[in-house]
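*Asks:* Below: sequence and its predicted model.
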Amino acid sequence: MRTIPPALQARLDTGVTTLCRCWLITRNDGVVQGFTDHDEDVALGDVTCRAGAGLTASEATQKLGLAVDGSEFSGALADDTLNEDDLAAGRYDAAQVELWLVDWTEPALRVLLAKGTMGEVKREGAAFTAEVRGLSQRMNEESGRLYTANCSADLGDARCKIVLDQPTYRGEGTVSAVSASSAFEADGLSAFAGGWFSGGKLTFTSGANAGASVEVKAHVNDGAVSLTLWQQMAQPIAEGDAFVVTAGCDKRFATCHDRFNNVVNFRGFPHMPGNDFVIRYPVQGEPGNNGGSLQS
């Protein structure tokens, strides 16, 4: 239930149109930004809600039960507010969004209308449209432990317990030649066998993409070391860009045993029967053999 300040309720009852909407966005890197559809900036506490982004919002929908509430807001991309580079770098992925109804003549009079997370963001020219998903979206997220053959932990996390800062699992290199928008040759990784970093995480430490991380799709070492990334970076990769890359894991029991010697922390069920077991059927044995065998 929303609690409306009595002073704000009194102004709502008069029908005076001194209201505006303000959005507070908390990015996943901790940066907090404010925006408003008013024609002047509005201060909400320590955050100044900028009026120059041209933000507008669609009608918010609320549903009974556990269905996900949703709405959208759109605005203009600008270097000093929301910019395309930050969006492409994923800094707004799953950002926390608060929508406030504010009396712009006295910003202390406000009420929280909705709270959620930022979903899909669409860019078209100098404009963007962002989806806001309600808190019930969390009900769709995986929670608890699943009964699967592969490991449910991520390499290097608290359940896996592999320390990725060890030299065995961590490499530092530089881009020596760019072969595609998401592929390049690298120096500094010749000591690692091909495939060692496939599925691992690469973080650029210099260049236009400094601080950005991406998963490695393929690692090849056939005399020359090359890395292919799963997605294109926000900015072009350039020769001389430095990076740090950590080992990858396909979450199979054999990989955990042979590559990492970490079976004691394997978080899957490698001996669970699969679909091949379900569809197996008995067949008659060879002539002279009264027994039978199972085939699939």
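*Replies:* Looks like it arrived, so ask away.
*Asks:* Can you pull out the low-pLDDT segments for the stretch 51-200 of the chain?
*Replies:* Applying pLDDT under 70 to the stretch 51-200 of the chain flags residues 53-81, 125-126, 134-144.
*Asks:* where do the strands sit along it?
*Replies:* Here the stretch 51-200 of the chain has its strands, by DSSP state E, counting those that start in this stretch, at 56-57, 70-76, 96-103, 110-124, 127-134, 170-180, 183-187.
*Asks:* For those, give me a markdown table that also has mean neighbour count and distance to P273.
*Replies:* All C-beta atoms are positioned from the backbone trio N, CA, C, and that covers glycine. Output for those, formatted as a markdown table (neighbours: other Cβ atoms under 10 Å; distance: least, Cβ to Cβ, whole Å):
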| stretch | mean neighbour count | distance to P273 |
| --- | --- | --- |
| strand 56-57 | 15 | 51 |
| strand 70-76 | 19 | 40 |
| strand 96-103 | 19 | 42 |
| strand 110-124 | 16 | 37 |
| strand 127-134 | 19 | 37 |
| strand 170-180 | 16 | 37 |
| strand 183-187 | 19 | 39 |
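*Asks:* Report the buried residues of the helix or strand where C49 lies.
*Replies:* Here C49, judged by DSSP states H and E, is contained in strand 47-50. The neighbour-count check on strand 47-50 (16 or more other Cβ atoms under 10 Å) flags V47, C49, R50 as buried.
*Asks:* thinking again about what came up before, looking at the strands of the stretch 51-200 of the chain, which is nearest to I25?
*Replies:* Closest to I25 of these is strand 96-103 (Cβ to Cβ; 5.6 Å).
*Asks:* got the angle for that closest one vs strand 127-134?
*Replies:* Angle of strand 96-103 versus strand 127-134, following axes from the mean of the first three to the mean of the last three Cα atoms, to 10 degrees, is 100 degrees.
*Asks:* which residues are in contact with strand 96-103?
*Replies:* Contacts to strand 96-103, defined as Cβ atoms under 8 Å, 6 or more residues apart in numbering, come from residues 8, 11, 18-26, 36, 42, 44, 57, 60, 71, 109-118, 132.
*Asks:* Roughly how far does V178 sit from A186?
*Replies:* Note on V178: its distance to A186, by Cβ to Cβ, to the nearest Å, is 10 Å.
*Asks:* tell me the domain boundaries of this structure?
*Replies:* Following the assignment in automatic domain parsing, the chain carries domains at 6-140, 170-246.
*Asks:* N261: which of these is closest?
*Replies:* It's domain 170-246; of the domains of the chain, that one is closest to N261 (Cβ to Cβ) at 14.9 Å.
*Asks:* what about that closest one, start to end distance?
*Replies:* 5 Å (Cα to Cα, to the nearest Å).
*Asks:* thinking again about what came up before, just the residues contacting the strand holding C49, thanks.
*Replies:* For strand 47-50, the external contacting residues (Cβ under 8 Å, 6+ apart) are 22-24, 32-36, 38, 41-43, 81.
*Asks:* Check the separation of the first and last residues in stretch 14-24.
*Replies:* Terminal residues of stretch 14-24 lie 27 Å apart, using Cα to Cα.
*Asks:* Spatially central residue in the chain, please.
*Replies:* Centrality entry for the chain: nearest residue to the mean C-alpha point is D93, 5.5 Å, by Cα atoms, centre = their mean.
*Asks:* how about that one, what does it touch?
*Replies:* Contact analysis of D93 by Cβ under 8 Å, 6+ apart lists N28, M118.
*Asks:* separation between it and V214?
*Replies:* 13 Å.
*Asks:* just G116 next, same as before
*Replies:* G116 is 26 Å from V214, where distance means Cβ to Cβ.
*Asks:* what bridges to L229?
*Replies:* In this entry, L229 is beta-bridged to V216, by DSSP bridges.
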